[in-house]
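# model the structure of this input:
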Amino acid sequence: MDKLFVHGGHTLQGAVHISGSKNASLPILAATLLTGETCIIRRVPDVSDTNYMIQILAALGAEVERSSGTVRITAGTIDHDAPYEIVRKMRASICVMGPLLARLHKASVSLPGGCVIGDRPVDLHLKGLEALGAKIDMEGGNMHIEAAEGLHGSECDLSGKHGPTVLGTDNMMMAAVLAEGTTVIESAACEPEVVDLANFLNKMGAKITGAGTRRITVEGVDKLNGVEHTVIPDRIEAGTFMVAAAMAGCPEKGVTLHRVCREDLVPATEKLVESGHQVEFNEAGTSCTVTPGQNPIGANIVTAPFPGFPTDMQAQFTALFAITPGISVVEDTIFPQRFMHCAEMTRMGADIKVDNGTAVIQGSSDMSGAPVMASDLRASAALVLAGLCSKGTTEINRLYHIDRGYENIDDKLIMLGANIERVRE
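Numbering: from 1, shown residues only. This next block holds a predicted model:
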């Protein structure tokens with residue numbers, strides 16, 4: 001099992017290219033099951049989650065070739081049964097349900113695994129598919145879904161306890177594209193990754209309008225075609241490197257990020273500026289330079305569905321606030337239990353108190369390296385960021401969490417001047 005040793009006290013400067021979005025790649029890869037023709041997906045990040053999805057597609061019978069960020073998929077003849085031994089490793093594997101049901105009128109998918117950051121039920125996925133006419137039978141941890149007479153357009157509200165469901169919206173959208181008639185998804189997720197999937201499906205010949213709003217309309221079509229598509233930049237990776245620049249960047253030169261999307265980074269940008277740091281985008285909004293402020297101050301964050309502050313960035317900002325003078329408050333309304341990184345940062349000297357989904361952080365510049373344990377994907381990134389600004393060496397265990405969603409994060413930080421070692425045991 002790999003470990004990461006982060007040696008603190010080094011300044012970051014230079015430029016880094018942001019990878020394609022993991023969270024956009026996964027449903028787009030799954031959507032290739034909707035056609036027997038060849039699809040070519042570019043800028044797919046080389047992370048374990050996309051590798052698992054590619055393994056699932058191959059296990060279902062698709063022909064898959066991968067080379068330098070480009071994945072070529074031909075799902076000519078496919079099976080409806082997604083294998084448990086792969087599905088259990090990644091929660092996003094659930095998004096094969098929609099395309100399998102749309103194309104084959106049946107799907108068998110195990111209840112998925114993934115990182116543990118609180119209750120993330122699949123009931124909204126099933127609610128959406130049932131609205132389209134699917135019958136669902138749960139047996140032995142497997143979901144057997146069937147629509148013997150095909151799917152039929154319907155209206156369904158996907159609102160949940162903690163807001164809209166991104167993968168649930170994806171699943172219903174993918175199922176509806178080949179359904180008979182028109183489907184209306186109310187309380188749909190608005191995230192950029194949902195929009196990217198809708199754009200991909202429309203390229204294939206789907207008729208989807210309203211993606212990026214709370215109401216998505218899908219007019220069913222008879223057939224979809226193979227296409228080429230380039231995945232959008234990963235806004236969470238971009239936000240993570242923006243925070244790294246604010247924490248450890250060169251005060252004169254900062255750190256420049258290429259291949260970003262300014263519109264997708266508004267919440268992170270606003271909080272960095274509010275905290276006293278400088279963020280400058282080029283005219284096209286595809287590159288930005290982040291320079292740490294001379295007199296940073298704390299801030300308050302409340303996570304919310306897009307266009308609000310993303311839950312996937314709260315851990316990284318908690319690391320920033322841990323070294324920022326003053327008191328900061330971070331409340332996660334999406335996953336209130338997603339604060340396991342705080343206990344680990346406390347081991348490093350951070351002053352953080354967590355209660356009922358809210359962290360109160362008293363900033364301090366006196367953090368020191370310690371052995372810590374990654375509990376989930378974003379928590380592990382936060383520990384890397386904390387290690388950059390701590391005295392001594394931070395040893396991060398359970399590194400497989402960070403490899404789920406960051407493409408070569410250690411190599412990219414080393415290119416910027418960080419002193420990081422990956423040790424393979």
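
# so where does residue 40 fall, helix or strand?
With secondary structure defined by DSSP states H and E, residue 40 is part of strand 38-42.

# buried stuff in whichever helix or strand comes after that strand?
Going down the chain from strand 38-42, the next helix or strand is helix 48-59, by DSSP H and E. The neighbour-count check on helix 48-59 (16 or more other Cβ atoms under 10 Å) flags 48, 49, 50, 51, 52, 53, 54, 55, 56, 57, 59 as buried. For the C-beta atoms, the positions are set from N, CA and C on the backbone; glycine is no exception.

# can you map out the helices along the stretch 251-400 of the chain?
With DSSP state H, counting those that start in this stretch as the criterion, the stretch 251-400 of the chain has helices at 266-274, 314-322, 340-347, 377-388, 400-403.

# quick one: which of these is nearest residue 6?
The stretch from these with the least distance to residue 6 (Cβ to Cβ) is helix 377-388; that distance is 3.2 Å.

# just checking, what packs against that closest one?
Helices and strands touching helix 377-388, by 3 or more Cβ pairs under 8 Å, 6 or more residues apart in numbering; DSSP states H and E, are strand 3-7, helix 235-248, helix 314-322, helix 340-347, strand 393-397, helix 400-403, helix 409-415.

# repeat that for 6 Å
Here helix 377-388 is seen to pack against helix 235-248, helix 314-322, helix 340-347, helix 400-403 when contacts are counted using 3 or more Cβ pairs under 6 Å, 6 or more residues apart in numbering; DSSP states H and E.

# what stretches of the stretch 51-200 of the chain score poorly on pLDDT?
Screening the stretch 51-200 of the chain residue by residue with the criterion pLDDT under 70, one finds the ranges 112-121.

# re the thing from before, among the helices of the stretch 251-400 of the chain, which is nearest residue 63?
Relative to residue 63, the nearest member of these by Cβ to Cβ is helix 400-403, separated by 25.9 Å.

# what does that closest one contact?
Under the criterion Cβ atoms under 6 Å, 6 or more residues apart in numbering, residues 48, 374, 376, 377, 380 lie in contact with helix 400-403.

# between those, which sits nearest residue 259?
The shortest gap between residue 259 and any of these belongs to residue 377, at 20.4 Å (Cβ to Cβ).

# ok, that closest one - how many residues close by?
One way to gauge burial is a neighbour count; for residue 377, by other Cβ atoms under 10 Å, it gives 23.

# same question for residue 161.
Here the neighbour count serves as a burial measure; for residue 161 (other Cβ under 10 Å) it reads 9.

# look up how far residue 187 lies from it.
Distance check for residue 161 against residue 187: by Cβ to Cβ, to the nearest Å, it reads 12 Å.

# before we move on, the earlier item: okay if I get the buried residues of helix 48-59 as TSV plus distance to residue 324?
Below are these laid out as TSV (distance: Cβ to Cβ, whole Å):
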residue	distance to residue 324
48	32
49	31
50	34
51	36
52	36
53	37
54	40
55	41
56	42
57	43
59	46
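
# what is the nearest of these to residue 150?
Scanning the buried residues of helix 48-59 for proximity to residue 150, where the rule is Cβ to Cβ, the winner is residue 57, at 23.2 Å.

# give the contact list for that closest one.
Contacts were defined as Cβ under 6 Å, 6+ apart; by that measure residue 57 touches residue 64.

# go on, residue 154?
For residue 154, the contacting residues are 131, 132, 183, taking Cβ under 6 Å, 6+ apart as the criterion.

# give me the neighbour count for the second one.
Residue 132 has 25 neighbours, counted by other Cβ under 10 Å.

# and it, backbone torsions?
As for residue 132, its main-chain torsions (degrees, to the nearest 10) stand at phi -90, psi 0.

# I'd say it and residue 151 touch.
Yes. Under the criterion of Cβ atoms under 6 Å, residue 132 lies in contact with residue 151, with a separation of 4.3 Å.

# what's the overlap in contacts for these two?
Residues touching both residue 132 and residue 151 by Cβ under 6 Å, 6+ apart: 175, 179.

# now the contacts of residue 154 as JSON lines including distance to residue 241?
Rendered in JSON lines, the data for the contacts of residue 154 read as follows (distance: Cβ to Cβ, whole Å):
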{"residue": "131", "distance to residue 241": "40"}
{"residue": "132", "distance to residue 241": "40"}
{"residue": "183", "distance to residue 241": "38"}
